[in-house]
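Engineer: Sharing a sequence plus its predicted fold:
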Amino acid sequence: MMLGVADMLFADMAPRTPISAPLNEWLIQALDHSGLSQSALAELLDARVQKRIDRSIINKMTLGKRTISAEEMLLISEITGFDLPSDTARIATIAIAGKVGAGARVPVFDTYEKGDGPQVECPPGLSPHNIVAVEIEGDSMEPVYSAGDLLFYTRWSDGSVPSDAIGKRCVCECEEGLGWVKVVRPGRDHGTFDLHSFNDQTPTMYGVRLKWAAPIKLHWPAELARKV
């Protein structure tokens with residue numbers, strides 16, 4: 001029978017990983033404890049998260065070549081019945097997907113494989129589930145946002161521009177694959193949008209076709225962000 005998180009935290013029979021153990025070693029121990037193969041764990045994990053998880057991803061995790069997010073750690077712990085590491089059980093992290101710009105063209109959005117790349121500690125009061133962060137590039141959003149600031153948002157997998165994004169500050173991606181932070185408004189032609197900037201120095205982008213847009217949930221200044 002699969003143990004719940006509370007059962008695992010207090011069950012005497014569940015071995016506790018030392019605080020100094022790297023997360024890849026914790027994952028290897030969890031696999032050994034459960035008897036699951038990497039492929040079996042990948043299949044079970046893939047069914048419970050939005051992003052694609054396959055055996056190659058699990059293999060990268062065990063080799064320390066791919067970070068394990070807080071959400072993934074919790075699910076792996078539930079699936080394998082293996083206790084969470086005591087030093088990471090209290091720390092929630094969010095993946096940084098890449099960088100975005102406002103006035104300047106920033107073709108470095110979605111730089112990292114989903115779940116890979118740097119992580120940042122989850123800001124207080126924000127749930128880490130289904131949340132992604134991007135880093136501001138350049139100074140074209142001053143004084144609203146500064147270079148190095150982080151923006152947090154929920155990006156759904158259907159690749160749409162939801163109605164609640166209209167008229168709000170959003171992280172979005174155009175058809176050219178560039179990331180932008182703009183106020184999204186309907187365009188003149190069907191399926192297009194006008195992207196408004198935050199200052200008078202950066203002109204509005206008219207008639208842009210977007211792959212997706214997501215309202216910003218939180219702006220976190222660079223000096224407060226703790227990357228891990």
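Structural biologist: Nice, I can see it.

Engineer: Contacts only, for I58.
Structural biologist: By Cβ atoms under 8 Å, 6 or more residues apart in numbering, I58 lies in contact with L27, Q38, S39, L41, A42, L45. No exception for glycine: its C-beta is placed from N, CA and C like everyone else's.

Engineer: Spell out the secondary structure type for it.
Structural biologist: On the three-state scheme (DSSP: H, G, I helix; E, B strand; the rest coil), I58 is labelled helix.

Engineer: neighbours around the closest residue to it other than its chain neighbours, how many?
Structural biologist: Using Cβ to Cβ, 6 or more residues apart in numbering and skipping the chain neighbours, the partner closest in space to I58 is Q38 (4.3 Å). When counting by other Cβ atoms under 10 Å, one arrives at 18 neighbours for Q38.

Engineer: Could you do the one 3 residues further on as well?
Structural biologist: The number of residues packed near L41 is 24, by other Cβ under 10 Å.

Engineer: ranges for the strands of the protein?
Structural biologist: Taking DSSP state E as the criterion, the chain contains strands spanning 93-100, 119-121, 132-136, 150-153, 169-174, 179-186, 193-196, 205-208, 210-220.

Engineer: thinking again about what came up before, out of the contacts of I58, which two sit at the greatest distance?
Structural biologist: Largest separation among those by Cβ to Cβ: L27 and S39, giving 14.2 Å.

Engineer: List the beta-bridge partners for the spatially most central residue of the chain.
Structural biologist: Centroid-nearest residue in the chain, with Cα atoms, centre = their mean: V132, separated by 3.0 Å. V132 has these beta-bridge partners by DSSP bridges: Y153.

Engineer: Surely it and T93 touch.
Structural biologist: No: using Cβ atoms under 8 Å, V132 is not in contact with T93, being 11.6 Å away.

Engineer: Residues touching stretch 132-144, excluding its own?
Structural biologist: Contact partners of stretch 132-144, identified using Cβ under 8 Å, 6+ apart, comprise 94-104, 106, 108-109, 120, 145-155, 171, 179, 181, 197-199, 201-202, 220.

Engineer: that older thread, tell me the one among the contacts of I58 nearest to I57.
Structural biologist: Each of those was scored against I57 by Cβ to Cβ, and A42 proved nearest at 6.6 Å.
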